[in-house]
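Peer 1: sequence unknown, structure follows:
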């Protein structure tokens, strides 16, 4: 088996105890074990570090137990082994927004709002860099929705108000551009 660095700790993969371990550095390995083959023979398997694959920018690994094989994201394995189960509805966040950095010190449980705040802090959310909406309205205060700011995003208040008005009057949907521009002028004049 691979040697571990001095700052690396290994723990059993939750749900796969006796089969796999995950490290505080984001590595996954199988452990030495004996299996029963389909023809009834016992075979010794030597543990080894597993190859990680890419899954939408995240590192994942294929784990098997019995006849079942699953692909699981490595950051989830590290969090469960070292941080325990998160509270209902929480997710595992990469604090530095680098999806491939699965070190324990870079992971934390939190809400989607926490995750969006991380992206804003790290300037990683594409909407945090927007300066205008598709209509060309400036995305600066006072023309920003409060909820989007709390979520680390930048959404146009004028367009949002126009959409809200048109939800009640769908027959006027063709007036969206004109209506959003009227709202924008009123918002900016009141500032």
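Peer 2: Nice, I can see it. Please read all numbers here as calculations on a predicted model, not as lab measurements.
Peer 1: roughly how far apart are the residue found closest to residue 30 once you drop the neighbours it is linked to in the chain and residue 181?
Peer 2: Of all residues not flanking residue 30 in the chain, residue 47 sits nearest, at 4.7 Å (Cβ to Cβ, 6 or more residues apart in numbering). Placement of C-beta: from N, CA and C, glycine included. Using Cβ to Cβ, to the nearest Å, residue 47 is found at 65 Å from residue 181.
Peer 1: thinking again about what came up before, pLDDT score for the residue nearest to residue 30?
Peer 2: We have a pLDDT of 92 for residue 47.
Peer 1: residues near it, how many?
Peer 2: By other Cβ atoms under 10 Å, the residues close to residue 47 number 15.
Peer 1: Shouldn't it be within a helix?
Peer 2: No. Applying DSSP: H, G, I helix; E, B strand; the rest coil, one finds residue 47 to be coil, outside a helix.
Peer 1: isn't it right next to residue 32, touching?
Peer 2: Yes. Between residue 47 and residue 32 there is a contact at 4.7 Å, judged by Cβ atoms under 8 Å.
Peer 1: What residues of the biggest strand by length in the chain count as buried?
Peer 2: The longest strand of the chain (DSSP state E) is strand 58-65. Judged by neighbour count using 16 or more other Cβ atoms under 10 Å, the buried positions of strand 58-65 are 58-61, 63.
Peer 1: which helices and strands sit right next to the lengthiest helix in the chain?
Peer 2: Secondary structure of the chain per DSSP state H: the longest helix is helix 176-189. Judged by 3 or more Cβ pairs under 8 Å, 6 or more residues apart in numbering; DSSP states H and E, the packing partners of helix 176-189 are helix 157-168.
Peer 1: buried set for the helix it packs on?
Peer 2: Judged by neighbour count using 16+ other Cβ under 10 Å, the buried positions of helix 157-168 are 157-162, 166.
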